[in-house]
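# build me a structure from this.
(2 chains)
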Amino acid sequence: MKVSELAASGGFRALALSDPSREIAGCYVGDLLSWVMGRAQAGNAWITIMSNVNVAAVASLADVACVIFAEGVQPDEQALAAAQTRGINLIATGLPEYEAAVTLSRLI
Amino acid sequence: MAESLRFHYDVDGGNFTSAGQASVQVKNNLSQLGLDPAVIRRVSIAMYEGEINMVIHADGGSADILVDDGCVTIILADKGPGIADVEQAMQDGFSTAPDNIRSLGFGAGMGLPNMKRYTDYMKIDSVVGEGTTITMKVNF
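Next up is the predicted model:
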């Protein structure tokens, strides 16, 4: 599934889509940044409630397909700007992390 | 590549907003050289972890990246407090990061283990009170 298709799915919405045609391959859920860098795979959708600017750097270096902010969390302005500069796809959902992952799993 | 390429960066201490800029720049530079994305990912994550450590613990430092035939070498040097017990620091989950760092999502004690995980060679030279130099190599 493409990131743009997930962003158009019920319960999810696009915050910034710099690379909308990126394919989602699997999912990683985590809020500790080094765990994400150590465990997430390239191409994963990364579900988190962490919303600061460092998320953009981690998403870029870990080469995830997109970041999904769960629980209605909004990234701050710096994070949004950094993500756009670095070509990171950002998606928001009001779902908790577990439910976001379950929903994503049914879709991909 | 006949000659090795070298990139040098100064890492700003205490600045979490700009932390990672050098790593992202290295990622871009290596992409332009046409390196395998999987290699670039390993290099840039290992370097970012080291960069963050220098920001947290050592008030910044320097990063030098050398690209030779078949190998990327990352040298991170700081004049911070040094690591008293390297073996302990290498354990998953061991951290001395303060609470304000943890609230940013860092300080999980996975930085040094990740650096080892993603590199083919890693050497820590540290003297308490003088500083730390970490050398890492990723083969490609």
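# up against chain B, what does chain A have?
Residues of chain A found near chain B (Cβ under 8 Å from any Cβ of the partner chain) are A:31-35, A:37-38, A:42, A:50, A:52-55, A:57-58, A:60-63, A:78, A:86. (Glycine included, C-beta is placed from N, CA and C.)
# now do the strands in chain A.
A:12-16, A:27-29, A:45-48, A:66-69, A:90-93 (DSSP state E).
# same question, chain B
B:5-12, B:60-68, B:71-78, B:121-127, B:131-139.
# now do the residue nearest to the spatial centre of chain A against chain B, distance only.
Closest to where the C-alpha atoms of chain A average out (Cα atoms, centre = their mean) is A:Val67, at 1.1 Å. A:Val67 sits 12 Å away from chain B, going by Cβ to the nearest Cβ, to the nearest Å.
# the strands of chain A into JSON lines, with extra columns for mean pLDDT?
Converted to JSON lines, those look like this (pLDDT from 0 to 100):
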{"stretch": "strand A:12-16", "mean pLDDT": "97"}
{"stretch": "strand A:27-29", "mean pLDDT": "98"}
{"stretch": "strand A:45-48", "mean pLDDT": "98"}
{"stretch": "strand A:66-69", "mean pLDDT": "98"}
{"stretch": "strand A:90-93", "mean pLDDT": "98"}
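# just these: most buried one?
Mean neighbour count (mean count of other Cβ atoms under 10 Å in any protein chain shown) peaks for strand A:66-69 among the strands of chain A, with a mean of 28.
# ok, now which ones touch the closest residue to B:Gly60 other than its chain neighbours?
Nearest non-adjacent residue to B:Gly60, counting by Cβ to Cβ, 6 or more residues apart in numbering or on different chains: B:Gly13, 3.2 Å away. B:Gly13 sits next to B:Met54, B:Val55, B:Ala58, B:Asp59, B:Gly60, B:Gly61 when contact means Cβ atoms under 8 Å, 6 or more residues apart in numbering or on different chains.
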